[in-house]
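**Student:** Everything below, folded, please.
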Amino acid sequence: MGFWSRLLGREQKASSLDLLRSITTGTRSKSGREVNIDTALQTSAVLACVRCLADGVAQVPLKIFRADSSTGSRRPAPDHPLYAVLHSKPNDYQTSFEFRETLMMHATLAGDFYAFINRVNGQVVELVPMDPSKVKVVWDADAQAKRFEFRAPSGALETYAAGDIWHVKGPSWDSIKGLGAVQLAKEAIGLSIATEESHSRMHKNGARPGGAISVSGRLTDEQHSKLQNWVEENHAGAENAYSTMILDRDAKFTPYTVSGVDSQHLETRRFQIEEVCRAFRVMPIMAGYSDKASTYASAEQMFLAHVVYTLSPWYERLEQSIAAQLLSEQDLAAGYYPKFIANGLLRGAAADRAEFYSKALGSGGSPAWLTPNEIRELEELNPIEGGDKLPVATNPAPTTPANAGA
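**Tutor:** Now for the predicted structure:
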């Protein structure tokens with residue numbers, strides 16, 4: 001049996017949902033709901049946050065660059081074997097987008113992402129994701145190194161050295177394993193699950209009466225039962241909402257207004273969206289939730305803040321992990337480095353960047369503090385000849401001679 005069959009469990013025809021089965025056995029929150037990977041993903045706020053992070057990392061080009069210290073140039077290095085693995089095809093069944101999407105789902109929900117590193121002649125030619133629920137990190141204190149124990153679908157326990165597995169950790173306490181957001185935000189997610197279930201049952205069963213029907217005279221038990229059945233068959237449930245009710249025997253229908261309990265229930269659901277977004281460090285507007293005070297200008301700044309404060313730390317985390325675990329010492333010495341090209345996400349701020357660079361070059365009489373090549377480096381562009389000198393400020397402000405008073 002080959003490595004792929006053992007790692008992916010193809011012989012058992014495991015479904016794609018097996019990859020998302022509970023990383024742990026799950027723990028019951030104080031709201032009484034079981035919180036694990038499966039139940040968390042069924043919560044719309046958690047699903048929106050995870051997809052927001054996964055899409056933000058997967059949609060940005062990831063390339064291997066090479067910096068030439070002699071000329072100062074920085075160019076993509078498509079001739080490097082790792083370039084195609086990260087940018088195009090990490091393995092035979094995933095695209096780069098799908099691979100990084102899975103990476104972020106594992107890293108954010110479970111706290112850890114593992115991938116088997118297939119090397120040929122010392123170069124990485126393939127990365128195969130591993131189910132984090134089947135991987136155990138063991139720290140060898142004597143050797144000051146870690147190893148990985150993988151439970152194959154067949155039940156066999158396989159051990160891998162640290163260099164055989166690409167391990168991406170989320171925020172970590174012990175520096176060995178990452179902290180999963182599902183377990184850290186257990187109470188917030190559990191309350192979200194409980195409120196969604198409560199609201200769903202209310203709409204399914206029509207538990208809260210929409211009003212009261214009063215008739216003249218006294219109803220017998222049989223009449224009462226018939227009237228109740230008639231109301232439930234014709235006017236109960238969400239599918240019969242706003243239907244016209246026809247009554248006889250001088251019957252009157254008194255509608256009930258939304259109670260304070262219902263209003264508080266809806267407010268709790270809205271608040272839990274913010275709580276879940278806070279746990280994943282995702283702005284609520286990115287998860288499809290915004291208040292009425294948001295304007296176009298403020299929303300644009302929130303989108304930019306999402307790139308700077310939410311996605312950029314993940315870019316940096318992954319870039320450093322790639323450099324440390326997937327590039328060799330010879331590669332690093334030769335100037336190879338990974339880079340996420342996130343400028344596409346900042347296209348809405350092109351005017352702001354242009355204004356900043358213009359002032360940095362001394363426009364408007366202010367002294368220049370950046371050279372053209374330094375600005376080109378910020379944009380991942382190659383240097384130009386003569387671009388290493390600070391330009392002279394244009395439109396300098398007029399000065400007053402020292403003897404003007406005389």
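**Student:** Could you list the domains of this structure?
**Tutor:** Here the domain parsing of the chain from automatic domain parsing is 1-208+259-341, 209-255, 350-406.
**Student:** okay, the ones you listed, which one's buried deepest?
**Tutor:** Looking across those with neighbours counted as mean count of other C-beta atoms under 10 Å, the highest average goes to domain 1-208+259-341: a mean of 16. In short, each C-beta sits where N, CA and C put it, glycine included.
**Student:** For that one, what is the distance to the chain centroid?
**Tutor:** 7 Å (C-alpha atoms, centre = their mean, to the nearest Å).
**Student:** mean confidence for that domain?
**Tutor:** Across domain 1-208+259-341, pLDDT averages out at 83.
**Student:** now do stretch 234-241
**Tutor:** 62.
**Student:** With stretch 371-385 instead?
**Tutor:** Mean predicted lDDT for stretch 371-385 stands at 81.
**Student:** can you list the residues that contact it?
**Tutor:** If you take C-beta atoms under 8 Å, 6 or more residues apart in numbering as the criterion, stretch 371-385 is touched by 65, 71-75, 339, 341, 343, 357, 360-361, 387-391.
**Student:** 7 Å - rerun?
**Tutor:** 72-75, 339, 341, 343, 357, 360-361, 387-390 (C-beta atoms under 7 Å, 6 or more residues apart in numbering).
**Student:** Let's see which of these end up in strands.
**Tutor:** Counting by DSSP state E, the part of the contacts of stretch 371-385 found in strands is 74, 75, 339.
**Student:** can you list the residues you listed in CSV and add distance to residue 373?
**Tutor:** Output for the ones in strands among the contacts of stretch 371-385, formatted as CSV (distance: C-beta to C-beta, whole Å):
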residue, distance to residue 373
74, 11
75, 14
339, 17
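**Student:** Okay, and the residue nearest the centre of the chain sits in which element?
**Tutor:** When C-alpha atoms, centre = their mean is applied to the chain, the residue found nearest the centroid is residue 53 (1.8 Å). Following DSSP states H and E, one finds residue 53 within helix 44-58.
**Student:** Which strands and helices lie in contact with that helix?
**Tutor:** helix 96-109, helix 260-280 (3 or more C-beta pairs under 7 Å, 6 or more residues apart in numbering; DSSP states H and E).
**Student:** immediately after that helix, which helix or strand?
**Tutor:** strand 62-67.
**Student:** so what strands line up beside that following strand?
**Tutor:** Partners of strand 62-67 in the sheet, by DSSP bridges, are strand 74-76 (antiparallel), strand 336-340 (antiparallel).
**Student:** what angle sits between it and helix 96-109?
**Tutor:** 100 degrees (axes from the mean of the first three to the mean of the last three C-alpha atoms, to 10 degrees).
**Student:** hey, C-alpha coordinates of strand 62-67 in CSV?
**Tutor:** Extracted in CSV, the C-alpha atoms of strand 62-67 (Å, rounded to 0.1, in the frame of the first residue of the first chain):
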residue,chain,number,x,y,z
LEU,A,62,2.2,33.2,-3.2
LYS,A,63,5.5,33.1,-5.0
ILE,A,64,9.2,32.4,-4.4
PHE,A,65,11.4,35.4,-5.0
ARG,A,66,15.1,35.8,-5.3
ALA,A,67,17.0,38.8,-4.1
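**Student:** Measure how far stretch 213-229 is from the centre of its chain, please.
**Tutor:** 55 Å.
**Student:** quick one: average pLDDT of it?
**Tutor:** 79.
**Student:** what about dumping the CA coordinates of that stretch to CSV?
**Tutor:** Below are the C-alpha coordinates for stretch 213-229, written out as CSV (Å, rounded to 0.1, in the frame of the first residue of the first chain):
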residue,chain,number,x,y,z
ILE,A,213,-59.1,34.4,19.4
SER,A,214,-62.0,35.2,21.6
VAL,A,215,-65.6,34.1,20.8
SER,A,216,-69.0,34.9,22.4
GLY,A,217,-70.3,32.2,24.6
ARG,A,218,-68.6,29.1,26.0
LEU,A,219,-66.9,26.5,23.8
THR,A,220,-67.2,22.9,24.5
ASP,A,221,-64.1,20.7,24.6
GLU,A,222,-64.9,19.4,21.1
GLN,A,223,-65.4,22.9,19.7
HIS,A,224,-62.2,24.1,21.4
SER,A,225,-60.3,21.2,19.9
LYS,A,226,-61.7,21.7,16.4
LEU,A,227,-60.9,25.5,16.5
GLN,A,228,-57.3,24.8,17.7
ASN,A,229,-56.8,22.2,15.0
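**Student:** Show me where the stretch 151-300 of the chain has its strands.
**Tutor:** Secondary structure of the stretch 151-300 of the chain (DSSP state E, counting those that start in this stretch): strands located at 157-161, 165-169, 211-214, 252-255.
**Student:** wait, residue 137 sits on residue 175?
**Tutor:** No. If you go by C-beta atoms under 7 Å, residue 137 and residue 175 don't touch, sitting 10.6 Å apart.
**Student:** about what we covered before: mind checking which of the strands of the stretch 151-300 of the chain is nearest residue 353?
**Tutor:** strand 165-169 (29.9 Å; C-beta to C-beta).
**Student:** The closest one pairs with which strands, and in what direction?
**Tutor:** Going by DSSP bridges, the partners of strand 165-169 are strand 112-120 (antiparallel).
**Student:** and after the partner strand, which helix or strand comes next?
**Tutor:** Next element after strand 112-120 (DSSP H and E): strand 123-130.
**Student:** and that next one, which strands flank it?
**Tutor:** strand 112-120 (antiparallel).
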